[in-house]
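In: return atomic coordinates for the entry below.
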Amino acid sequence: MSNIRKLDNVINNNYNDNKLNTVLNEVLQDIIDYKDGQELNGFSKKLINELFGQLKKRNFIPPVIDIIQVGSTARNTHLKNDYDIDIFVRFEKGTDKELLKNIVLECGKTVIQKLGGKCWVEYAEHPYLSAKVDKYDIDIVPCYKLEWGDKIISAVDRTPLHNEFLINKLKTKYNIELIQDIKLLKKFLKGIGVYGSDLKTKGFSGYLCELLIIYYGGFINLLKESQYWKLGQKIILPDIYKLYNLKDDYEFIDIPNQPLIVYDPTDINRNVAAALGNENFCKFLYYSNLFLKNPSKDYFYDYDAKVAKNINNRDMGELLTLVINRPKNIVEDVIYPQMEKLQNSINVILKEHDFKYIRYGNYADENYCYLSWEFTVYMLPNVHVKVGPPVYYGNRAYQFAEKYDKCFIDGCNVCAFVERKYKTVYELFEDITSNKLNNKIATPKYVVPENAKILNIFKEKYEN
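Out: Numbers count the residues shown, from 1 in each chain. Presented below is the predicted three-dimensional model:
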């Protein structure tokens, strides 16, 4: 049923337990603030009461069934200085989506203004209200109230079920230790730069962190067990078998091409770790191993930035960045996939023209998208080898030889020495920015390279 091994058999004698405990206790002192937690709970209750009052005053109960707080602050699994409050207003199934939206936006706006805050509308599967009141960041989200096993109507309908499952699991006698270990994991993942399930980060979500700690029974157990993971690692919580009355030999659906598969207790056909990229999966394994062998607080505090600074303290290749105007009001979950699509398309052309790069990456701020490369060389000799068809392709090989003067046979292919179209990488990028290669580049809707600036830098998020 469960694929966890007995942890007693995998403890490595190289792990310094005394040093480990000292480091973890020091980090815990830094990430827990009991006073802040009490203030946050008090404000959350006030917010819910005010919202309930507005709904009742306007005769919106029903279709509203209840109001609940979800997310890490509802379960005390948040880190110090995290003031995110997620409020879900649950409606009867069958409520018109337009009515659902209008009720939450109308009543939510009234409450936020009464509390002296500012609010605005955000959009996911349907609109919801975001707000700022003092230090608190608030989301008020409409959803349908579902029971276990009900078909999901919209993606956010799962969230209250996630919350219910986690709260029940954290009610055990070990809940304090589990909650502390969840916080340690989140802080560790933030430190190594792999926390967050957005399409920019491609890391671990908060929900995933909590499930992993529950499954493995603690932070250190998780780190030790992860040393045995491989790409495609599958994790099935034992509770899933009980919740859905499944037999031990039940075959879960195969979810290919993902480094970690954690089946969602609220939807067993969904991977909680779907956002996690291969590189960040491997970073977690690598830094977990280093931390276990030599425990240090450094891993919990901007460790990824320190690594980036260290590896950039060297002789550089040729640096180049495309600086592209970023359209207003386009969220990062749209911008980053489009930057990646454009950069991958440009990489194909770079390879076609023999420009080898050491690394590449993308980054966006409020105003610009940055696509960066580091090349081994910026200039190539004027000669280029054009590879033609195999000689046994008969007429095609003959036509190739007729077209080019300096032909020769390489292996089974007819090839030719030709003059190189782009002697420098800048010439190629000038054609990209002047739209001369638009028929060869997959240009996304919001990240358009035409008229982009070309700079001799490598732009990344860790720059001072």
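In: pLDDT below threshold where in this protein?
Out: Low-confidence regions of the chain, defined by pLDDT under 70, span residues 1-16, 173-174, 462-464.
In: repeat that for 80
Out: Under the criterion pLDDT under 80, the flagged ranges of the chain are 1-17, 34-36, 124-126, 172-174, 461-464.
In: and the helices in it?
Out: Taking DSSP state H, the helices of the chain run over residues 17-31, 34-57, 72-75, 97-114, 158-169, 175-191, 206-216, 219-226, 238-243, 278-293, 303-311, 332-352, 395-403, 425-433.
In: from the contact counts, what lies against the last one?
Out: Counting by 3 or more Cβ pairs under 8 Å, 6 or more residues apart in numbering; DSSP states H and E, the packing neighbours recorded for helix 425-433 are strand 318-325, helix 332-352, strand 453-455. Any C-beta I mention is one placed from the backbone N, CA and C, and that applies to glycine too.
In: closest to Asn25 out of those?
Out: Smallest distance to Asn25 across the helices and strands packed on helix 425-433 (Cβ to Cβ): 35.5 Å, for helix 332-352.
In: ok, and what's touching that closest one?
Out: Applying Cβ atoms under 8 Å, 6 or more residues apart in numbering, the set of residues contacting helix 332-352 from outside is 198-200, 326, 356-357, 360, 362, 364, 369, 371, 373, 425, 428, 432, 437, 440-447, 449.
In: and stretch 165-173, by the same measure?
Out: With Cβ under 8 Å, 6+ apart, stretch 165-173 has contacts from Ala74, Arg75, Thr77, Leu178, Ile179, Tyr207, Glu210, Leu211, Ile214, Asp239, Pro265, Thr266.
In: kindly write the ChimeraX command that selects the buried subset of those.
Out: Paste this into ChimeraX to select the buried members of those, with burial taken from 16 or more other Cβ atoms under 10 Å:
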select :74,75,77,178,179,207,210,211,214,265,266
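In: and of the contacts of stretch 165-173, the nearest to Lys151?
Out: Closest to Lys151, out of all of the contacts of stretch 165-173 and judged by Cβ to Cβ, is Thr266, at 11.7 Å.
In: before we move on, the earlier item: of the contacts of helix 332-352, just the buried ones, PyMOL syntax please.
Out: A single PyMOL command selects the buried members of those (16+ other Cβ under 10 Å):
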select buried, resi 199+200+326+357+360+362+364+369+371+373+425+428+432+437+441+443+444+446+447+449
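In: so how far is Tyr301 from the closest residue to Trp229 other than its chain neighbours?
Out: Spatially, and ignoring its direct neighbours in sequence, Trp229 is nearest to Leu285 (6.2 Å; Cβ to Cβ, 6 or more residues apart in numbering). Distance of Leu285 to Tyr301, given as Cβ to Cβ, to the nearest Å: 20 Å.
In: give me the more crowded residue out of those two.
Out: Each of Leu285 and Tyr301 has its neighbours counted (other Cβ atoms under 10 Å); Leu285 has more, 18 against 14.
In: I'd say that one and Lys224 touch.
Out: No: judged on Cβ atoms under 8 Å, Leu285 makes no contact with Lys224 at a distance of 11.4 Å.
In: tell me the domain boundaries of this protein?
Out: Domain assignment of the chain by automatic domain parsing yields the ranges 7-31+170-300, 36-155, 318-380+420-455, 383-419.
In: turn those domains into TSV, including distance to Asn312.
Out: Output for the domains of the chain, formatted as TSV (distance: least, Cβ to Cβ, whole Å):
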stretch	distance to Asn312
domain 7-31+170-300	15
domain 36-155	28
domain 318-380+420-455	10
domain 383-419	32
